[in-house]
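Undergrad: Give me the fold of what follows.
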Amino acid sequence: MQRTSRLVLATACCAALLTGCGVDSGVSATDAQHSDATFDPTDDPFGWTPFGDHIQIGTFTAPIDYADPSKGDFQLNIARHLALKPDERIGSLLVNPGGPGFGGTDLALFAEANFGQQLLDHFDIVAWDPRGTGLSEPKIDCFSDYDHFFASSDITPDDEQERQALIDLAEESAGDCIDKNRGIYQFVGTNDSARDMDGIRAALGEPKISYLGFSYGSELGATWATLFPDTVRAAVLDGAVDPTADATDSSVQQLKGFEDALTTFLSTCDAQPKCAFNNEGDAEGAFDRLMDSIDAKPIPSVDHRPAVSNEVALTAVAQAMYSDKLWPRLARALADAQAGDGAGLLSLYDDYYERQPDGTYADSLEAFEVISCMDSAERLTVEQDDATVPEMQAVAPRMARRSVGGYDCTFYPPTSDPRIEITGKGAGPILVMGTTGDPATPLDGTRKMADALEDGRLVVVEGNQHTGYGVNECSTSAVENYLIDPVGHLPPDGLVCK
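TA: The predicted structure is shown next:
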């Protein structure tokens, strides 16, 4: 999952900072890059304990700062689903669900719901909560009142006072993240997560390892493959971003992706009289009128919660664009909003921000912001960010209704380790998958990821959803056959799964 203000990065750092990986395996992160070490089966640097059938959970220790291990350690929460056919086990498959900022262990804990039989049979599926996320410790935790920062903001300020209120919120948000995460916030970027991956690989005792990453997980995987090409057995990047885009270009690309998906949703609703938001075949016009009315006067939602503003409504729309399976729910919510009830849109907004039944929130979007800003060297001023708005509105007039910038990283200090330039040089062929109607990681960006890699092999999947694995038999078999046999079953570049 990726926020609509997603930051994508393209700068360089020095990979020579790698030092000890912090596990008890005796293999350092520097040694691991070219290591073909094997381990005694009784060696267990993870402290694996059973957690249901075929599942183990454990912990991986990684230094907070690879350049200075004396600063302490992260304890990464990790899980693996053991190969169902151990006699035919190929090795471990590292997996990541995206984000950044989201834990990943559920992919292993619920592996049988997430992966096909071939992968379950032949791989130990290994997932972890990246540094600063999930159940890993310490974790990024900035604030608890999401409504304060998001639901109550007016993204189309009418005067300087309202504009300053948005600037103050952005500065407050960044200040909370910095103040409450001192000592770790500078060390949660993608480069360090890629170094953790290599440490996990070394601790598993595998000279080469396989990887399957979704959404931001494609960015993480490409970074890993660039830093540690000699250790890549096979890698799949599903729902890949454009690794050459700066923060502004990335936001423009993603907003266009959501805009295109919204246009498809509205035209589909137009053509279906049973669509709850059909409006006699004028869903597009009705949507524009509804957003205008919300901008003028937010719609009541539920007791003790904010009214639905444009910020809430557009976040709800973005949440529903991740899969066309959510489109009927969005149509009903929009129709209810027309009638003066914003509860349906607020519910989608809450899903986006992972609001729990008790009113608390997961920390994922807080970690998202910190990781994104630590990955990007770009720090736009308030005025520079405001100046990007016309470009965004030009490609996404509905989704980019805000009249001022978002100031995502404006108030963060410079990063010391911006994400490296992705090349995948020496890693061998890497399968890069994109979906035609993907709003969060548009297909054009996926093509650019394939082009940026030394040997990227593009697979295009037809569908209106985020990521392509599992959409149809073609996309599933392309991924699984390649991971089983990356030499003999490498799909042809440009394969289209209809």
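Undergrad: switch to C-alpha atoms for all contacts and neighbour counts from now on
TA: Noted.
Undergrad: Would you enumerate the residues in contact with I78?
TA: 57-60, 105, 126-129 (CA atoms under 8 Å, 6 or more residues apart in numbering).
Undergrad: now those in TSV, with distance to T244?
TA: Below are those laid out as TSV (distance: CA to CA, whole Å):
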residue	distance to T244
I57	36
G58	36
T59	34
F60	32
T105	29
V126	29
A127	27
W128	27
D129	26
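Undergrad: How confident was the prediction at N191?
TA: Predicted confidence (pLDDT) for N191: 98.
Undergrad: What about it, how many residues nearby?
TA: 23 (other CA atoms under 10 Å).
Undergrad: now it: how far from A247?
TA: Note on N191: its distance to A247, by CA to CA, to the nearest Å, is 17 Å.
Undergrad: What separation is there between the closest residue to P69 other than its chain neighbours and G183?
TA: Excluding its sequence neighbours, the residue lying closest to P69 (CA to CA, 6 or more residues apart in numbering) is P63, at 5.3 Å. Per CA to CA, P63 is found 12 Å from G183.
Undergrad: sorry, back to before: counting neighbours, which of the contacts of I78 comes out on top?
TA: Within the contacts of I78, most neighbours by other CA under 10 Å means W128, with 31 neighbours.
Undergrad: quick one: that one and L93 touch, right?
TA: No. Counting by CA atoms under 8 Å, W128 does not reach L93; the two are 11.6 Å apart.
Undergrad: does the residue nearest the centre of the chain belong to a helix or a strand, and which?
TA: Closest to where the C-alpha atoms of the chain average out (CA atoms, centre = their mean) is G99, at 2.2 Å. Following DSSP states H and E, there is no helix or strand that holds G99.
Undergrad: Need the per-residue pLDDT for it.
TA: 92.
Undergrad: So, low pLDDT: which residues of the protein?
TA: For the chain, applying pLDDT under 70 flags the ranges 1-42.
Undergrad: so what's the residue of it positioned farthest from its centre up against?
TA: Distance from the centre of the chain peaks at E280, with 37.2 Å (CA atoms, centre = their mean). Each residue near E280 by CA under 8 Å, 6+ apart is listed here: 270, 273.
Undergrad: Name the SS class of the nearest residue to Q393 once chain neighbours are set aside, please.
TA: Excluding its sequence neighbours, the residue lying closest to Q393 (CA to CA, 6+ apart) is A400, at 5.2 Å. Per DSSP: H, G, I helix; E, B strand; the rest coil, the local secondary structure of A400 is coil.
Undergrad: What count of nearby residues applies to A400?
TA: 23.
Undergrad: Surely it and P390 touch.
TA: No. With contact defined as CA under 8 Å, A400 does not reach P390; the gap is 9.1 Å.
Undergrad: and V432, which of the three is it?
TA: What three-state DSSP gives for V432 is strand.
Undergrad: who does the helix or strand containing L220 touch, helix- and strand-wise?
TA: Taking DSSP H and E as the definition, L220 sits inside helix 216-227. When contacts are defined as 3 or more CA pairs under 8 Å, 6 or more residues apart in numbering; DSSP states H and E, helix 216-227 sits against helix 190-204, strand 209-214, strand 232-238.
Undergrad: for the ones you listed, which one sits closest to G340?
TA: strand 209-214 (37.6 Å; CA to CA).
Undergrad: How about the contacts made by H81?
TA: H81 makes contacts with 54-56, 108-109, 111, 120, 124-126, as judged by CA under 8 Å, 6+ apart.
Undergrad: mind listing which of those residues are in helices?
TA: With helices taken from DSSP state H, the overlap with the contacts of H81 comprises 108-109, 111, 120.
Undergrad: Number of residues surrounding the nearest residue to H489 once chain neighbours are set aside?
TA: Nearest non-adjacent residue to H489, counting by CA to CA, 6+ apart: Y482, 4.9 Å away. Neighbours of Y482 under the rule other CA under 10 Å: 19.
Undergrad: quick one on the thing from earlier: from F258, how far out is the residue nearest to Q393?
TA: For A400, the distance to F258 (CA to CA) stands at 10 Å.
Undergrad: now T248
TA: Separation of T248 from F258 (CA to CA): 15 Å.
Undergrad: Of those two, which one has the most company?
TA: More crowded of T248 and F258, by other CA under 10 Å: F258, with 28 against 21.
Undergrad: Pull the contacting residues for that one.
TA: By CA under 8 Å, 6+ apart, the residues touching F258 are 4, 318, 321, 396, 399, 438-440.
Undergrad: what residues are up against Q253?
TA: 442, 445.
Undergrad: That one belongs to a strand, doesn't it?
TA: No. Q253 is assigned helix when assessed by three-state DSSP, not a strand.
Undergrad: Touching, I420 and N191? I think so.
TA: Yes. Using CA under 8 Å, I420 makes contact with N191 at a distance of 7.0 Å.
Undergrad: Need the residues touching each of these two.
TA: With contacts taken as CA under 8 Å, 6+ apart, I420 and N191 have T223 as neighbours in common.
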